[in-house]
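**Q** whatever this is, show me its structure:
(chains A, B, C, D and E, ligands or ions: 7)
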Amino acid sequence: MKIFELGKAKSPWILHYNTGSCNGCDIELLAVLTPRYDVERFGMLNKGNPKQADILLITGPVTKRCRERLLNLYLQVPEPKVVVAVGTCSCGGGVFRHMYNVENGVERVIPVDVYVPGCAARPQQIIDGVVKALQILREKGRALEVPPHLKKIVRGREGGIDRESLLEDLRRR
Amino acid sequence: MKKIKVNQEICTTIPMGSQHVALPEPVKLVFDTENEVVKRVSFDVSYVHRGIEKSLTTMYDFKKAPYVVGRICGICAIAHSIACTVALERSIGIDGEVPDRVRAVRMIGLELDRLQSHFLINGHLAEVCGYENIFMHLWRCREFILDTADMLFGNRVQYDVVCVGGVNRDIDEKTGTRISEALEEIEESIGFMEEVFTRDKTLVKRLEGLGVVSKDKAFEYGLVGPSARASGVKTDCRIEDDWGMYRDFGLEIITMTEGDALARCLVRVLECFESVRMIREALDSTSPGEEIQLRVRDNPKKDAVCRNEAPRGELFYYIRGTGKKIPGRVKIRTPTFANIPILPHVMIGVRYNDVPPLLMSFDPCLSCTGR
Amino acid sequence: MKTLLILVFSPVIGGLIEGAFRKVNARMQTRVGPPIVQPFYDLLKLLQKRPILINNYHVLMAYAHFVLMATALATFLLGGDLLLVIFFHGMSLAFLAMGAYSLRSAYSHVGATRELFHILAVEPPLLLIAVNIYMNTGTFLLSDVFETQRLVKIMPFSFLALIASLPGMLRRSPFDVSEAHQEIIGGPEIEYSGPFYAPIYLAKWLEKVLVAAFIGIFFLGSPLIVVAIATSFILVLALDNSTARLSYWDMVKITWVVALPLVGANIFLNAQGVL
Amino acid sequence: MVGYEGLPAALILAPLFFALLATVSSSHPVRKVVTYVGTLTLISLSIALWIKSPMILFIREDLYPLILAGDYLLFAYFLYQGVVFRSRLVIYLTIAQAALMTAFIKTVHVQGKAPTIVVDGLSSLMVLVTGVVGSVIVAYSIRYMETGEDLGRENRFLGVMFLFLGAMNALVFSNNMEWIFLFYELTTFASYYLIKYRGDEESIANSLQALWMNQLGGLAVLMAVIFSAHFYGTLFLTELIKEKALLPIAFLVLGAMVKSAQLPFQGWLLGAMVAPTPVSALLHSSTMVKIGPYLILRISPIISGTALGGVVALAGAITFTVALTMALSQRKFKRLLAYSTIATLGGMIICGGVGTPLAIMAGVTLLAFHALSKGLLFLGAGIAEKEFGAKTIEDLLGLVKKGPITAGIITFGAVSMAFPPFGIFLGKWLVIQALVISKQYIPLAALVIGSGIGIMVYMKIVSRVLVRRGFIPSLEKLSSVYTISTGTFVAILGGLTIMYAFFVDTIVEKAVESLTHTTLLGAGIGGTGFGVVLNADRMEPWQLVAIFTLIVLLPLAAYFYKWMGVDRVYEYTCGEPMKPSIGAYYFTDRLGEERLSKVFTPFGVALMAVILLTGVA
Amino acid sequence: MLKMFITSIKNLFRKPVTQLYPYEKYEPFDGYRGKISWEKGKCTFCMKCGRACTSGAIKILIYSGETKEWVWNPIQCIYCGECVRSCPFGALIQEKYYASPITKGEKLDWSEIEKKAGRLEDRWRRQLRDRRGKRKSE
Ligand code: SF4
Ligand code: SF4
Ligand code: SF4
Ligand code: SF4
Ligand code: SF4
Ligand code: SF4
Ligand code: SF4
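**A** Numbers count the residues shown, from 1 in each chain, chains lettered A, B, ... in the order given. Ligands and ions are numbered 1, 2, ... in the order given. The predicted structure follows:
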């Protein structure tokens, strides 16, 4: 079954969401797709669609308004999936840490697998991050992944899980 | 504004954002369309609000402000840093003493930034028009500019070179000459960009006549930057509030009269030539070795404003000094903020497939609008 | 036996064509691009994703899309009726649209409508090309058409018309309106994911084989057949890389204005016995 | 065939009898029984006739006064209606008809030697279609009328429905032009009455439009009668066909064009949509409009290969494309269906114009399958209207949630109108080949473009109906009449599709033979096993069966197989919590109905003029 | 259009401009603002760097007694170089190599450190104040 794992690790389709970053890392993310760096070498495509994504690249410190959207998108990505926080501000808030409208990083909302430092993260750093993410992706199975604080809602359900009502629960809390 | 009644029954709501491939930033646009023709637009730009203005009056002292405001936006970070710094310097009262070398380095930073920003947006515009190759080419060319910045300032995006009272690092002789070489290459790619936006049939067909803004409308809505200049409004803060040496170098304000998406692109292209010229002039005007940092002893104490021409237009900083380390009030008015109100008006009646190019032709980036 | 071989190998060839497409496309943009077997990796990956769906009809339609595309291809390769091949191909796209229509998603609906515009733009020229082939071979049956030699000599304009409708068929710029990534993010495919996206992905490969086979008809009996197919594809890719996306109206208009008169001219010339 | 001569008469008289019975029966339950008995009788009679056909009957001269009396009765009624509703056009046309008629019987005398009633493959097929499809619709209308349509004149409504069927049968049997004229006018009367049924202003206006347009057609038929009598000395269609009498035939074509609402005359059929849905169904699927293709197919042996045939094919093809294009911009469901009917009739008329065995095979296929598919669609539309209040296309949005069965019916109908392996598709496929073989490239191009547009039209319906999320709830409860009537159509449609080869071998074979006097085998075409073989082409059984199972099985699988254990998510809306409203694509900005009709109505008029001119020349 | 067409075809035969990173090593420019490296011997724990740091990526934990700790968080740092400039003893150097991405396990619990540093700093300030007060009263 090596070959199957290979497929997982060789074809990362990404979803990029900006949760209130300064665009610095976002344009570096775009730059990563361009001829100089060309991450399509690794089979990476910017799908822009959570349903077909494997790697979530999140930039920005997660403003309060983006929080719910981020969760929504996260839940729409089918497993196995990897979350990469790109840039200082998505790792821990960066200069925005402790500002009144931010969540101090992505990990506060969804579990993060790889942290890419840098403000702005260089394309090389992003590539490193993606390569690291691919290793993690290779190991992950397709068991349902949910943020720890949502575990309670997910357990006890049988068959299909209505992710929307899950989100609804979250909203109510 | 053209009032078109929306027939709720046959209307299709197409959301665009906050997450959408054509948008690097979170912004929600909702289009009510009939037969894919936009009938109503609603905007929501406040996803990125982080509270930066507030933090400048509570968390950070004024010396850190240039770094923080740089993070308002990564595309024209240095424009923010410069505007903030100049306003702070004015507030402290040392703006007259800033050495010419500092001005020159700041100018080089700003103009490099403008170059990369214009390449970025024109490339992205081509991408949303479905012209991937141009995007790839322009962004390949943009890498030269970023390399130059990397060489000069030690980072590709956030230059972080400006500090209150000066700049953090000087440009030495060797880098100076390497840059002159790089500039030639950059100029060549600007030539390529110009050719693309004037000659390429399909691209021109997509952009020509799209989202026309007349001169009066541009005045009425207070457009700024290339969007205003494309409609024939002769405005440029580099001339109007010259913190550098733009007037001395004879900066030319580029205007066009068509006011459509294509004109907005072309204004940007032509500005790139001007920017290269400015960088050359700035490099030649002063030589390294001068003092690059003033000692700042006072705290900001006066009310001061600075208007700076960011790549997208007028950037306005107001700082109320209170004599303490932390300013009493910081107010930022950003170019995109001024350019947004007209968007719904030009978008109505446009086919949905023309919406992304139209949107991008105004070069909106909302990370500073929401702050 | 031959049948079985054809059925097994055409997806493989399709995957390789798809991979070559991506590679060549990247090279045209001065990039390195993915390895040529990348589509296979993608497919493997898709099959391993956790399935999520919105409604069952929707995902079943993806399978229908694939099965019909395979039927079209099989009909072609096994020497069936050319007209039916074209109709099956169109119907396969219609199934994709039907699946997309079963959702409450604006992107899906807009994309599906545009997919139908693709059918509208491409099907008439293709059918008329088939008619032209009939004129010159006296049959619609491909098994008989396969006996002919170098059709391109007597129907050069029809071949050009086919080339003109290729961007619409392959959904390449200027006519990639149904996928229009920056507008509607893949259009009808948007809600498919993981193992349910796999059939659509596979169908794309098959479609490419179908198109290649269609081009091949014109060069039967010539040793240049592979070169001709490759050249046509490269032309399409170069066109993709030198045009912006036009609107769907433009697609229909331009494809018709270019392709229909070309086939018409060829039919006329054939009828007059000039060619 | 001794003993069966009564069948045609029975098929004409039995509907009249039931019409009378329905009209006089006072209560609804009684009418119900009458209707059911009547429809069953009609169905069995028409099947019996089909089995026993062909047959030829001579009718004695003494029925002639009865025909004349009928004519004048109708004139009187039309005149009265024209006066009551102050419609000058109707009055003038009636007077013109009456005057011509009177002049005709005063001056011309023809001695007929040909059979008055001819039951051949084509007419027995028509009777079968009318009998089965029409009867089912009549039965369906019983339930439909219960839901607020009674208006105190349900008895007359049912009566006229039966009358309609009878008139249709009579028209199809008739070989005498005068008879044809009478029954032509009788169907005009029936449709006029039924369209007017609801009695509101719109109904009256539209029914008057239908009346005068059809009277125009009647006038054309009358002209055909007069010319044939005058120039060719005969009143019999078979004689005319032998004589190759193009002039009367051209007029007959004009009459047929009116009845089948071809291009400049499309107005009346669209207006007819105000009537209760069973009326629309009846008009569209089995009766009335089918007169057009029937007449043209009947005369196709003469016009095949002539300039007239070319023009007819061209007119049909253009109507096909233009009507479908107009259908694109329709908001009302029934109007969209009306345009699609017009288009498909155009397709059949192409076949008549081409007239080769292949074309006739195509035409007959289209005729039979269109009756079934369109009948099904209209019944579905009626149910959607009555049970779910859906009148516009947008109202259908998400119907599958509220009424899975209705949604299934509508979707099945729509799919069977455009896609393989259903008859309409097969018909189109055959028409393309027929046109190619007879080298008529301009109609071919129009047809090819039109079929592309057709896919958009039918998919638009589908696009509304299917929208949903999650599992389908339990099936809705439909009245048994609805279930049985639509079920019959679905069963016949499905069965005939699978058994297409058989259908070709028997029914089509007969029709083709009666028209062209060659067998299908002789022309190198026909069905084998499950597949279809043409001289230059073949449809393999596996293709037909594979696609059929796909189409039928998939929705069933979607309903019954629940995909347990698979996560369900919501649609992608850019991460935002929102429910977008979804409208269909109407092509009003580029291809609006008015814009097109402004261009194409004069064009259609010109085409009709050309048809007459080619007849004269 | 035509030009791009020709260029596209030509590009097929040109070498692509892509750097094959990470297979090909990449050397940043001199003066690139990369990782911060700290020299223990030179540092006096004066805390200037921590105070100058915009994003608060440097925390100095001064426990009671002589245990002191200088903590720098690579994923909180914005690489502005302000700390390097502010260090009076030249204990900090900015390398030209950028930091590599880290995974979940390798991450510092920064909130915890921040809290701890805050607490320690408070205590330290209090002690300082107390000491000053004592001196004054003396
Ligand atoms: S890490 Fe820095 S450059 Fe990147 S988005 Fe955040 S603030 Fe901007
Ligand atoms: S409008 Fe804004 S900038 Fe102007 S004076 Fe008032 S607060 Fe200051
Ligand atoms: S006047 Fe200015 S601040 Fe007030 S609502 Fe309008 S845009 Fe906002
Ligand atoms: S307009 Fe604002 S968001 Fe856009 S580049 Fe300038 S500062 Fe950044
Ligand atoms: S950006 Fe301005 S309007 Fe938006 S939330 Fe912040 S303060 Fe309010
Ligand atoms: S500024 Fe220098 S000496 Fe002071 S704590 Fe920081 S590294 Fe140590
Ligand atoms: S480089 Fe800047 S952000 Fe990083 S530790 Fe130093 S001062 Fe803080």
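
**Q** spit out the contact partners of the closest residue to C:R22 other than its chain neighbours.
**A** Distances taken as Cβ to Cβ, 6 or more residues apart in numbering or on different chains place C:P34 nearest to C:R22, at 5.5 Å, with adjacent residues excluded. Just so you know, the C-beta spots here come from the backbone N, C-alpha and C atoms, and that holds for glycine as well. Applying Cβ atoms under 8 Å, 6 or more residues apart in numbering or on different chains to C:P34 gives the contacts A:40-43, C:19, C:22-23, C:26.

**Q** are any of those buried, and which?
**A** In the contacts of C:P34, burial by neighbour count holds for A:40-43, C:19, C:22-23, C:26, counting by 16 or more other Cβ atoms under 10 Å in any protein chain shown.

**Q** adding secondary structure and pLDDT, write those out as CSV.
**A** Converted to CSV, the buried ones among the contacts of C:P34 look like this (DSSP: H, G, I helix; E, B strand; the rest coil; pLDDT from 0 to 100):
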residue, secondary structure, pLDDT
A:E40, helix, 85
A:R41, helix, 85
A:F42, helix, 84
A:G43, coil, 83
C:G19, helix, 89
C:R22, helix, 87
C:K23, helix, 87
C:A26, helix, 86
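
**Q** not counting stretch D:338-347 itself, show me its contacts.
**A** Stretch D:338-347 is contacted from outside by D:260-262, D:266, D:269-270, D:272-273, D:280, D:284, D:289-290, D:292-293, D:315-321, D:323-324, D:326-327, D:330, D:366, D:370, D:374, D:417, D:424, D:427-428, D:431, D:447, D:450, D:454, D:457-458, using Cβ under 8 Å, 6+ apart.

**Q** got the residues of the stretch 151-300 of chain B near chain E?
**A** The stretch 151-300 of chain B comes close to chain E at residues B:151, B:154-155, B:158, B:160, B:168-169, B:195-196, B:199-202, as judged by Cβ under 8 Å from any Cβ of the partner chain.

**Q** filter the residues you listed down to the ones near chain A?
**A** Among these, proximity to chain A is found for B:155, B:158 (Cβ under 8 Å from any Cβ).

**Q** could you pick out the buried ones from the residues of the stretch 151-300 of chain B next to chain E?
**A** B:151, B:154-155, B:158, B:160, B:168-169, B:196, B:200, B:202.

**Q** dump the residue contacts of the closest residue to chain D within chain A.
**A** Going by Cβ to the nearest Cβ, chain D is nearest to A:R69 of chain A, at 3.8 Å. Contact analysis of A:R69 by Cβ under 8 Å, 6+ apart lists A:17, A:19, B:18-19, B:26, B:47, D:575-576.

**Q** list the buried residues for the helix or strand that contains it?
**A** Using DSSP states H and E, A:R69 sits in helix A:64-76. Judged by neighbour count (16+ other Cβ under 10 Å), helix A:64-76 contains these buried residues: A:65-76.

**Q** which parts of the chain are helices?
**A** All of this refers to chain A. In chain A, helices defined by DSSP state H lie at A:2-10, A:24-32, A:64-76, A:88-92, A:123-139, A:151-154, A:163-172, listed in chain order.

**Q** hmm, I had chain C in mind actually
**A** C:2-28, C:38-48, C:56-77, C:82-101, C:106-137, C:142-145, C:156-170, C:181-184, C:198-217, C:225-240, C:248-272.

**Q** lowest-confidence stretch among these?
**A** Lowest mean pLDDT within those: helix C:181-184, a mean of 70.

**Q** how about the residues of chain B by ligand 1?
**A** Contact residues (Cβ under 6 Å from any ligand atom) of chain B with ligand 1: B:71, B:74, B:157-158.

**Q** which residue in those has the weakest pLDDT?
**A** Lowest confidence among these: B:G74, with 80.

**Q** residue contacts, the residue in chain D positioned nearest to ligand 1?
**A** Here chain D gets closest to ligand 1 at one residue, D:G575, 18.4 Å apart by Cβ to the nearest ligand atom. By Cβ under 8 Å, 6+ apart, the contact set of D:G575 is A:17, A:50, A:69-70, A:72-73, B:18-19.

**Q** tally of neighbours for B:G328?
**A** 13 (other Cβ atoms under 10 Å in any protein chain shown).

**Q** can you tell me the distance between the two ends of stretch B:70-83?
**A** Distance across stretch B:70-83, first residue to last, is 10 Å (Cα to Cα, to the nearest Å).

**Q** check the residues of chain B next to ligand 1 and tell me the two furthest apart.
**A** B:R71 and B:V157 (10.5 Å; Cβ to Cβ).

**Q** now the common contact residues for these two.
**A** Jointly contacting B:R71 and B:V157 under the rule Cβ under 8 Å, 6+ apart are A:24, B:77.

**Q** roughly how far apart are D:K477 and D:L73?
**A** According to Cβ to Cβ, to the nearest Å, D:K477 stands 46 Å off from D:L73.

**Q** which of these two has more neighbours?
**A** More crowded of D:K477 and D:L73, by other Cβ under 10 Å: D:L73, with 14 against 11.

**Q** for that one, what are phi and psi?
**A** When read as degrees, to the nearest 10, the backbone of D:L73 gives phi -60, psi -50.

**Q** repeat for E:I60
**A** As for E:I60, its main-chain torsions (degrees, to the nearest 10) stand at phi -120, psi 120.

**Q** OK, contacts around it?
**A** E:I60 makes contacts with E:45, E:47, E:50, E:68-71, E:117, as judged by Cβ under 8 Å, 6+ apart.

**Q** make it 6 Å
**A** Contact analysis of E:I60 by Cβ atoms under 6 Å, 6 or more residues apart in numbering or on different chains lists E:45, E:47, E:50, E:70.

**Q** between those, which is nearest chain C?
**A** Set against chain C, the nearest of the contacts of E:I60 by Cβ to the nearest Cβ is E:W70 (42.6 Å).

**Q** which stretches of chain D aren't confidently modelled?
**A** D:1-4, D:60-61, D:108-112, D:148-152, D:470-473, D:521-524, D:527-530, D:535-536, D:564-565, D:617 (pLDDT under 70).

**Q** and B:R101, that's in a helix?
**A** Yes: under DSSP: H, G, I helix; E, B strand; the rest coil, B:R101 falls within a helix.

**Q** from B:C129, how far out is it?
**A** Between B:R101 and B:C129 the computed distance is 42 Å (Cβ to Cβ).

**Q** so for those two, which residue has more residues nearby?
**A** Of the pair B:R101 and B:C129, B:C129 is the one with more neighbours under other Cβ under 10 Å, namely 30 against 21.
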